[in-house]
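Visitor: Need the 3D shape of this:
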Amino acid sequence: MDCLDAADEPVIVHAPAGTIVGRRSRQVRRFLGIPFAEPPTGARRFAAPVRRGRFTEPYDASRHGPTSQRVPLFATTTVPEPSVPGEDVLNLGVVAPAADDDREPAPVIVWIHGGGFLAGSPASPWYDGRAFARDGVICVTVGYRLGVDGFAVLDDVLTNLGLRDLLLALDWVRENIAAFGGDPDRVTVAGQSAGGAAVLALLSSPAGDGRFQRAVSLSGGFFEAGAVRDFLGRLGDRLGVPATRAGFGGRTVEDVQRAVLDLRDERGDVGPVLRPFVGDDILPVPVAEGLALHGPDVPLLLGATEDEFDSGPTEAGARAAGTRLTDTLFRAACPRAAAARRGASAGTWLYSFAWPSPVLGGAAHCVDIPYFFDVLDAPGVAEALGPHPPQELATAMHADLVAFLHGEEPAWARATGTLGDPAREYGRTGAALAADTTGVFDPVVRPVSEEAGAC
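Guide: Numbering: from 1, shown residues only. Prediction:
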C-alpha cells in the first residue's frame, strides 16, 4: 500500500542527504523508500553496510522502497507484510507533520518491524505514522537485512549485519531528521517482536550509546543466537552449497529465504532460528548483561500481549500447565530487563496488553500494534481484530506512547524486576481502560534475585 491518493501533492525537503521529493496529503508529509545505504548486493551482500552518498539529483520518495523480505514468514500473517521487489532494501520512510515554521522540532520514533529476523516489511499499512504526525511526532520506519543475509554466523562474514544496518539508519536519522522538522536529540527507537528484541539488543550494545534517547520494546525478548551453525550447515545441504559466504552468496536471496523457512517448518522451530549474535563488537556480552552496562540514561517502556502465541482453544490448558510460549519467549524478558537496569538513572516501565481478539481467540501476538499506532482503519485490521475493535483503547494506548515520545514519564510506577512490579494493563474486560496492576508477570517468573530472572 502506497498510502497515497489523488489529493497528494509534491513536497520537497533539502537535507544533508540531498534533495528529497515526497508527497503531502491531509496535513501529513510522507517521504518513502529513502536509501540510507548502498544496495547490499555483489561484494556488499555479506559486508558491513556502506553509507549512501549524497543524492546528486532530486530523489523521488513517493513510494515504498524494496523490502528485504522476499518470502513471507507464513502464507497468512496477522500483520499485512507486502514484499516490494528491488535491490535497494536498506531504505527508510519518514512520515512527518505538515511543515510549520513556528513548530518546535518534533520528537522522532524510529520503528523496527518484526518477523522473527527472517521476514517482515516496513511497508506494512499497520506501521503508517499518520497518527503520530497528527500528534506532533515524526515516524521513521526502517528496513534491514533479514535471515542469512542479516544474521548468519559464518567464518568469513561479519556478524550482526542486520543490527549494523539499523545503527547506520539511526546515524542517518541523527544527521538528516532536522530537515524534516525533527529533533535529533529526541529519538526513540521502537519495535515489535523481532523488532522489540532488536531494540533491547541495541540498548545493551556499546554501539548504541548516544544514538537514541528513549526505547520502546513491544513483545521483544532476549533472542540471542544459539546452535545456529548446525542450522546453517543443514541449510547449506538443502541448497547444495557450502555454508560459507561464497556458498550462500551464489544463491539468490529469495532462494535462501525460502529454504530457511522450509527448514524451520520441518524442524518445528518456534523462536527465531537466526538472531543477534553475542560475542562481537556489537553485542560483546548477552543482552541482559549489556542492559546493566549501557543506556543507563535511556528510559525504557516494554511489555507483551497476554497470550502472544498461546491464544485460541489450547490456551486454558497451556496456562494451567505453565507451558505457555508467551511466558517463555516474551513476558519473562520484561522483569529480566527491569532487573538488569536496576542501577540505571532512567526508569523502566512495564505494560500488558489483555484485549482478546474475537477472531484470534485471545490477546495474540501483534494485535496491539494497530492500537499503539492508532490505525484501526488500516487494511487487515478487521480480519485480525474483528469488525468493531474499540477506538477508545487505541486512543488511550496511542496517547500514552505519544506522551512517552514527548519525554513525559509514564503515570504508573517504575519496575525494578521483582515480583509484584506494577504494569499498565490495557484492555481487560471489567477493568479500567488503563488500570495499574501488580503481578502481571508473576505466574511464570521466579524472583529475579533467586535465579537471574529464570522462567
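Visitor: what's near enough to touch the closest residue in space to residue 11 that isn't next to it in sequence?
Guide: Closest residue to residue 11 apart from its sequence neighbours, by CB to CB, 6 or more residues apart in numbering: residue 24 at 4.2 Å. Where C-beta positions appear, they are placed from N, C-alpha and C, glycine not excepted. Contacts for residue 24 (CB atoms under 8 Å, 6 or more residues apart in numbering) come out as 8-11, 30, 98.
Visitor: wait, which of those residues is closest to residue 363?
Guide: Within the contacts of residue 24, the smallest distance to residue 363 is 31.0 Å, found for residue 30 (CB to CB).
Visitor: who does the helix or strand that contains that closest one pair up with?
Guide: Using DSSP states H and E, the element containing residue 30 is strand 28-35. Sheet pairing of strand 28-35 (DSSP bridges) gives strand 18-25 (antiparallel), strand 91-97 (antiparallel).
Visitor: highest average neighbour count across those?
Guide: strand 91-97 (a mean of 26; mean count of other CB atoms under 10 Å).
Visitor: Check which element follows that strand along the chain.
Guide: strand 106-112.
Visitor: contacts for that next one?
Guide: With CB under 8 Å, 6+ apart as the criterion, strand 106-112 contacts 96-97, 122, 127, 129, 132, 136-142, 144, 166, 169-170, 173, 177, 181-184, 186-192, 194-196, 198-199, 212, 216, 405-407.
Visitor: give me that answer again for 7 Å
Guide: Residues from elsewhere that reach strand 106-112 (CB atoms under 7 Å, 6 or more residues apart in numbering): 97, 127, 132, 136-142, 166, 170, 173, 177, 181-183, 186-191, 195, 198-199, 405-406.
Visitor: right, so of the strands paired with strand 28-35, which gets closest to residue 240?
Guide: Between the strands paired with strand 28-35, strand 91-97 lies closest to residue 240; by CB to CB that is 31.9 Å.
Visitor: Report the inter-axis angle for the closest one versus strand 106-112.
Guide: Counting by axes from the mean of the first three to the mean of the last three CA atoms, to 10 degrees, strand 91-97 lies at 150 degrees to strand 106-112.
Visitor: and strand 91-97, C-alpha only, in CSV?
Guide: The C-alpha coordinates for strand 91-97 follow below in CSV (Å, rounded to 0.1, in the frame of the first residue of the first chain):
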residue,chain,number,x,y,z
ASN,A,91,15.9,2.3,2.9
LEU,A,92,13.6,4.1,5.3
GLY,A,93,10.4,6.1,5.3
VAL,A,94,9.6,9.4,7.1
VAL,A,95,6.1,10.4,7.9
ALA,A,96,6.0,13.9,9.4
PRO,A,97,3.6,16.6,10.3
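Visitor: let's have the chain start at 68 instead
Guide: I'll keep to 68 as the first residue from here, and by that count the last item is strand 158-164.
Visitor: For that strand, the averaged confidence score.
Guide: Mean pLDDT, strand 158-164: 97.
Visitor: what's the single longest strand found in the chain packed up against?
Guide: Of all segments of type strand in the chain, defined using DSSP state E, the longest is strand 249-259. Strand 249-259 is packed against strand 173-179, helix 228-243, helix 261-271, strand 281-285, with contacts defined by 3 or more CB pairs under 7 Å, 6 or more residues apart in numbering; DSSP states H and E.
Visitor: Rebuild these as a markdown table, extending it with mean neighbour count.
Guide: Shown next, in a markdown table, are these (neighbours: other CB atoms under 10 Å):
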| stretch | mean neighbour count |
| --- | --- |
| strand 173-179 | 27 |
| helix 228-243 | 22 |
| helix 261-271 | 28 |
| strand 281-285 | 26 |
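Visitor: Throw these into CSV and include distance to residue 123 and mean pLDDT, thanks.
Guide: Below are those laid out as CSV (distance: least, CB to CB, whole Å; pLDDT from 0 to 100):
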stretch, distance to residue 123, mean pLDDT
strand 173-179, 26, 98
helix 228-243, 16, 98
helix 261-271, 32, 97
strand 281-285, 35, 98
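Visitor: Including distance to residue 109, could those go into a markdown table?
Guide: Output for the helices and strands packed on strand 249-259, formatted as a markdown table (distance: least, CB to CB, whole Å):
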| stretch | distance to residue 109 |
| --- | --- |
| strand 173-179 | 26 |
| helix 228-243 | 15 |
| helix 261-271 | 26 |
| strand 281-285 | 34 |
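Visitor: Show me the one of the ones you listed that comes nearest residue 319.
Guide: Of all these, helix 228-243 comes closest under CB to CB, at 17.4 Å.
Visitor: so how far is the closest one off the chain centroid?
Guide: How far helix 228-243 lies from its chain's middle: 14 Å, per CA atoms, centre = their mean, to the nearest Å.
Visitor: now that helix and strand 249-259, what's the angle there?
Guide: Going by the same axes, to 10 degrees, helix 228-243 makes 160 degrees with strand 249-259.
Visitor: what packs against helix 228-243?
Guide: By 3+ CB pairs under 7 Å, 6+ apart, helix 228-243 packs against strand 173-179, strand 205-209, helix 214-218, strand 249-259, helix 261-271.
Visitor: make it 8 Å
Guide: strand 158-164, strand 173-179, strand 205-209, helix 214-218, strand 249-259, helix 261-271 (3 or more CB pairs under 8 Å, 6 or more residues apart in numbering; DSSP states H and E).
Visitor: partner strands of the second one, parallel or antiparallel?
Guide: Sheet pairing of strand 173-179 (DSSP bridges) gives strand 205-209 (parallel), strand 249-259 (parallel).
Visitor: Using TSV, please lay out the strands paired with strand 95-102 together with distance to residue 436.
Guide: Output for the strands paired with strand 95-102, formatted as TSV (distance: least, CB to CB, whole Å):
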stretch	distance to residue 436
strand 85-92	22
strand 158-164	15
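Visitor: so which of these gets nearest residue 461?
Guide: Closest among these, using CB to CB: strand 158-164, at 17.4 Å.
Visitor: Outside of that closest one itself, list whatever touches it.
Guide: Under CB under 8 Å, 6+ apart, the answer for strand 158-164 is 89, 94-103, 128, 131-133, 170, 173, 189-190, 195-197, 199-201, 203-210, 236, 239-240, 244, 247-249.
Visitor: Just the buried ones among the residues you listed, please.
Guide: Neighbour counting by 16 or more other CB atoms under 10 Å classes 89, 95-103, 128, 131-133, 173, 189-190, 195-197, 199-201, 203-210, 236, 239-240, 244, 247-249 among the contacts of strand 158-164 as buried.
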